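Peer 1: curious how this folds, go ahead:
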Amino acid sequence: MRLGEGGGKVLIVAVDDGLFGVHLDWVEDVLSADAVTPHALRNGSGRARPFILRGATVAPVVDLREMLGLLEVLGPVRRGGLLLLRGGEGGLALPIDACLGVRALDLSQAPPLPARVTRDGGVPIGHLTALDGRPLTVLDPNRLLDAELRAALAPLRTRAAALRERQQRVATLWEELRQEATADRLRAYARLCARTGQGRAAGAARRLLEHLEAPPGEHLNGGSDPLDRLLRELVERQRSGASGAIEVESADGGRGVIVLHAGRVVNASCGGADGRAAFTRLLGAPRTARFSPQAAAPVPAARITESTIALTLAALAAQPERAN
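Peer 2: Residues are numbered from 1 along each chain as shown. Predicted structure coming up:
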């Protein structure tokens, strides 16, 4: 514990009816429960355990009720926030009801006493003191988990770390695709997205890959799906390095245009929208697509800079499920 003579600065949180504190040295972040989507990993018994992956931190979500052996008595509860802590053998996400801010403790008025709940070797999980006349438990993140829970979390931490590495590889591949898209990169991106639970992006990448791997010339022949015909058009014009415009008519009667320069999409317009938003809208429900070549299509000042494949992939992933 870091309960020195001065007490130090402590982040105060509310959990159930109690006040709990953690010295700022241990605090990584305070997150709203609605602002983060934990990843769920299953243990050997099939129970799903949520994890927070944030930068280099792999933090299992463990409620204080479970840590204190009260989960069966009090039951699970949905809380409004998460306190992300260092320590705990790699990180720990503690669900909280509210964050009450940072306070400087004056331990001369309420000397700390060891908490009654202990871990290995009889070491307490924290110390008891008082704040504004109310009991306060200052927790030690390294002592919150008992041996049984640490053992249960160990293999899940390993799997979560592997998931984090795959996510980082996905992010790297995405930047590579934005610069220059190849079939190998797109195939790897689809595979990794599928393994990290990004099914929408994986499906969009596989759909694009079919067109990218087809022999030249086949993109403009056959196929009854209007979206696939538009995708073939985009891929073929990228291959040939053509400049011009693809006029798109939507199923709802709307019209728009996709501007290409040397095979790359550099702008789009549809219904008053421009750029990426217009391009995404045009891929939503196309009915017809007609390419008009130009020797030198003008390049707008605020051009789209990512590769056509990356732009199209992002637009496909943003569509409703039926479009993928």
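
Peer 1: who are the packing partners of the lowest-mean-pLDDT helix or strand in the chain?
Peer 2: Ranked by mean pLDDT, DSSP states H and E, the weakest helix or strand in the chain is strand 39-42, scoring a mean of 84. Helices and strands touching strand 39-42, by 3 or more CB pairs under 8 Å, 6 or more residues apart in numbering; DSSP states H and E, are strand 48-54, helix 147-179. C-beta here means a position set from N, CA and C on the backbone, and glycine is covered the same way.

Peer 1: any idea which of the ones you listed is most buried?
Peer 2: strand 48-54 (a mean of 19; mean count of other CB atoms under 10 Å).

Peer 1: average pLDDT for it, rounded please.
Peer 2: Strand 48-54 carries an average pLDDT of 88.

Peer 1: adding distance to Leu283, write the helices and strands packed on strand 39-42 out as JSON lines.
Peer 2: Output for the helices and strands packed on strand 39-42, formatted as JSON lines (distance: least, CB to CB, whole Å):
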{"stretch": "strand 48-54", "distance to Leu283": "30"}
{"stretch": "helix 147-179", "distance to Leu283": "17"}
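
Peer 1: rank those by mean pLDDT and give me the bottom one.
Peer 2: strand 48-54 (a mean of 88).

Peer 1: other SSEs contacting the following helix or strand past that strand?
Peer 2: Downstream of strand 48-54, the first helix or strand assigned by DSSP states H and E is strand 57-60. Packing partners of strand 57-60 (3+ CB pairs under 8 Å, 6+ apart): strand 48-54, strand 81-85, strand 92-96, helix 147-179.

Peer 1: tell me what the last one is packed against?
Peer 2: With contacts defined as 3+ CB pairs under 8 Å, 6+ apart, helix 147-179 has these neighbours: strand 39-42, strand 48-54, strand 57-60, helix 183-195, helix 308-317.

Peer 1: try the second one
Peer 2: In terms of contacts (3+ CB pairs under 8 Å, 6+ apart), strand 81-85 is packed against strand 9-15, strand 27-32, strand 48-54, strand 57-60, strand 92-96, strand 98-104.

Peer 1: can you tell which of these is closest to Leu136?
Peer 2: strand 9-15 (7.3 Å; CB to CB).

Peer 1: other SSEs contacting that closest one?
Peer 2: Looks like strand 9-15 contacts strand 18-23, strand 81-85, strand 92-96, strand 98-104 (3+ CB pairs under 8 Å, 6+ apart).

Peer 1: name every strand pairing with the longest one and say which way it goes.
Peer 2: Partner strands for strand 98-104, per DSSP bridges, with pairing direction: strand 9-15 (antiparallel).

Peer 1: give the rounded mean pLDDT of the partner strand.
Peer 2: Mean predicted confidence for strand 9-15 is 95.

Peer 1: which outside residues touch it?
Peer 2: Contact partners of strand 9-15, identified using CB atoms under 8 Å, 6 or more residues apart in numbering, comprise 19-24, 27, 30, 64, 79, 81, 83, 94-105, 131, 136, 138.

Peer 1: what's the least confident stretch among the helices and strands packed on helix 147-179?
Peer 2: Looking at the helices and strands packed on helix 147-179, the lowest mean pLDDT belongs to strand 39-42 (a mean of 84).

Peer 1: quick one: buried residues of stretch 238-250?
Peer 2: Buried residues in stretch 238-250, counted by 16 or more other CB atoms under 10 Å: Gln238, Ala242, Ser243, Gly244, Ala245, Ile246, Val248, Glu249, Ser250.

Peer 1: can you pull the pLDDT of Ala323?
Peer 2: On the pLDDT scale, Ala323 gets 42.

Peer 1: repeat for Arg2
Peer 2: pLDDT, Arg2: 42.

Peer 1: mind putting the helices and strands packed on strand 81-85 into TSV with distance to Leu230?
Peer 2: Shown next, in TSV, are the helices and strands packed on strand 81-85 (distance: least, CB to CB, whole Å):
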stretch	distance to Leu230
strand 9-15	52
strand 27-32	39
strand 48-54	36
strand 57-60	41
strand 92-96	43
strand 98-104	48
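
Peer 1: to Arg119, which of these lies closest?
Peer 2: Of all the helices and strands packed on strand 81-85, strand 92-96 sits nearest to Arg119, with 13.5 Å by CB to CB.

Peer 1: how about that closest one as PDB, C-alpha atoms only?
Peer 2: The C-alpha trace of strand 92-96 is given here as PDB (Å, rounded to 0.1, in the frame of the first residue of the first chain):
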ATOM      1  CA  LEU A  92      -7.900  -4.700 -13.800                       C
ATOM      2  CA  ALA A  93     -11.200  -3.100 -14.700                       C
ATOM      3  CA  LEU A  94     -13.300  -2.400 -11.600                       C
ATOM      4  CA  PRO A  95     -17.000  -1.600 -12.200                       C
ATOM      5  CA  ILE A  96     -18.100   1.400 -10.200                       C
END
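
Peer 1: what residues sit buried inside it?
Peer 2: Within strand 92-96, the residues scored as buried using 16+ other CB under 10 Å are Leu92, Ala93, Leu94, Pro95, Ile96.
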